[in-house]
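Colleague: model this:
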Amino acid sequence: MRKYAQQRSNGNKVGAIPVGTVVRVKVDKVDRGKLDHKSVPGVIVEVTEHDNYRIACKGGTLKECLGAQRFQVETLKKPKHYDLDEPFSNWQFMRKISIREALTYISKMGGQGFFFCNCKGKCDKNNCKCRKNGRQCNSKCHPQNSNCLNAS
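Modeller: Residues are numbered from 1 along each chain as shown. Predicted coordinates:
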């Protein structure tokens, strides 16, 4: 609590964060599923004139520039820890995505919400909704089907 009060009295001023720094962008609870990560790893690729930061993630570049209070700087981990080995020198040509899309891209559960395929067969073809979207079926998809080959 004392640290927070000191930061407020100083105006929350954070030194300039250099380009190429690994950060973790905080994700609001409404933008993620129950089992998803609470933050998205990324790399700072641009600092704007108003001290906002453009961040590139695994799925693309975030649409909005973020202030320093919206993310945490990773001091120990390098980009290779998060599979961010892509060259970010051409970030202008990367796809623009929202924070929710970036989280969906790294999520093991497929992001916010559930898919219900209700298949009666083996779920081995692309007519299964889960398989078509690259997800594995779970017990909520089809609780009565014991023939599913797409289950984890």
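Colleague: all contacts plus neighbour counts: C-alpha atoms, from now on.
Modeller: OK.
Colleague: dump the residue contacts of the residue most central in space within the chain.
Modeller: Nearest to the geometric centre of the chain sits L103, at 2.5 Å (Cα atoms, centre = their mean). Going by Cα atoms under 8 Å, 6 or more residues apart in numbering, L103 touches R32, D36, H37, S39, V40, G111.
Colleague: ok now the strand or helix carrying it, how far from the chain's centre?
Modeller: Counting by DSSP states H and E, the element that carries L103 is helix 99-106. Centre-to-centre, helix 99-106 and its host chain are 4 Å apart (Cα atoms, centre = their mean, to the nearest Å).
Colleague: Wait, I97 touches C57, no?
Modeller: No - judged on Cα atoms under 8 Å, I97 makes no contact with C57 at a distance of 9.1 Å.
Colleague: Of these two, give the one with the bigger neighbour count.
Modeller: Neighbour count, other Cα atoms under 10 Å: between I97 and C57, C57 has more, with 30 against 16.
Colleague: Mind pulling up the pLDDT for that one?
Modeller: Looking at C57, its pLDDT reads 88.
Colleague: Test my guess that it contacts S39.
Modeller: No - C57 lies out of contact with S39 (Cα under 8 Å); the separation is 11.3 Å.
Colleague: Now do the buried residues in stretch 122-139.
Modeller: The neighbour-count check on stretch 122-139 (16 or more other Cα atoms under 10 Å) flags C123, C128, K129, C130, R131, R135, Q136, C137, N138 as buried.
Colleague: Mind checking what secondary structure the fifth one has?
Modeller: I take that to be R131. helix (DSSP: H, G, I helix; E, B strand; the rest coil).
Colleague: Now do the contacts for it.
Modeller: The neighbours of R131, taking Cα under 8 Å, 6+ apart as the test, are C123, D124, K125, C137, N150.
Colleague: Look at the first one and report its pLDDT.
Modeller: Right, C123. Looking at C123, its pLDDT is 85.
Colleague: OK, contacts around R95?
Modeller: Per Cα under 8 Å, 6+ apart, neighbours of R95: G59, G60, T61.
Colleague: cutoff 7 Å now
Modeller: Contacts for R95 were tallied using Cα atoms under 7 Å, 6 or more residues apart in numbering; they are G60, T61.
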